[in-house]
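> Fold the following.
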Amino acid sequence: MRFEVTISLKKGIFDPEGYNTLKTLNMLNINVKNVSTAKVFRFDIDSKNEKEGYDIVKAAVDSLLVNPVLHEYTIKKVEQ
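Predicted structure coming up:
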C-alpha cells in the first residue's frame, strides 16, 4: 500500500526558494504571479488495512517531517 504526503509552508510563512524562483523567472521575462515549494514523500506500507497504513504514515509525518507551526500537509493513498 502506498501513501503520498505533500508538505508545504503555511500561508504567510516566507518561502525563500519559491521567492527566488519567482524573481528569476520574472527576470527571464517569464511572467508568473507566484511560486511556492512543497516536498512530496512516498511511503510504501506493509498493511492490508488502509486505516492502519494511514495511521503509520501520519505518525511518521507528525513525529519527524513537519513542524506544525510552519507546515501543513496532506496524506493520500495512491496506486503503486
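> which regions of the protein sit below the pLDDT cut-off?
Judged against pLDDT under 70, the chain has no low-scoring part.
> rerun that using 90 as the cut-off
Along the chain, segments meeting pLDDT under 90 span 48, 80.
> Would you map the strands across the chain?
2-9, 38-44, 71-78 (DSSP state E).
> And Asp62, how far from Val5?
Asp62 sits at a distance of 11 Å from Val5 (criterion: C-beta to C-beta, to the nearest Å). No exception for glycine: its C-beta is placed from N, CA and C like everyone else's.
> Likewise for Val35?
21 Å.
> quick one, which of those two is more surrounded?
More crowded of Val35 and Val5, by other C-beta atoms under 10 Å: Val5, with 19 against 16.
> Now do the same contact list for that one.
By C-beta atoms under 8 Å, 6 or more residues apart in numbering, the contact list for Val5 reads 40-43, 57, 61, 65, 73-75.
> hmm, try it at 6 Å
41, 61, 73, 75 (C-beta atoms under 6 Å, 6 or more residues apart in numbering).
> And the residues you listed, which of them are buried?
Neighbour-count burial within the contacts of Val5 applies to 61, 73, 75; the criterion is 16 or more other C-beta atoms under 10 Å.
> What count of nearby residues applies to Ile7?
With other C-beta under 10 Å as criterion, Ile7 counts 19.
> Could you shift the numbering so residue one becomes 47, and keep it that way?
Sure, I'll start numbering at 47, so the last one becomes Ile53.
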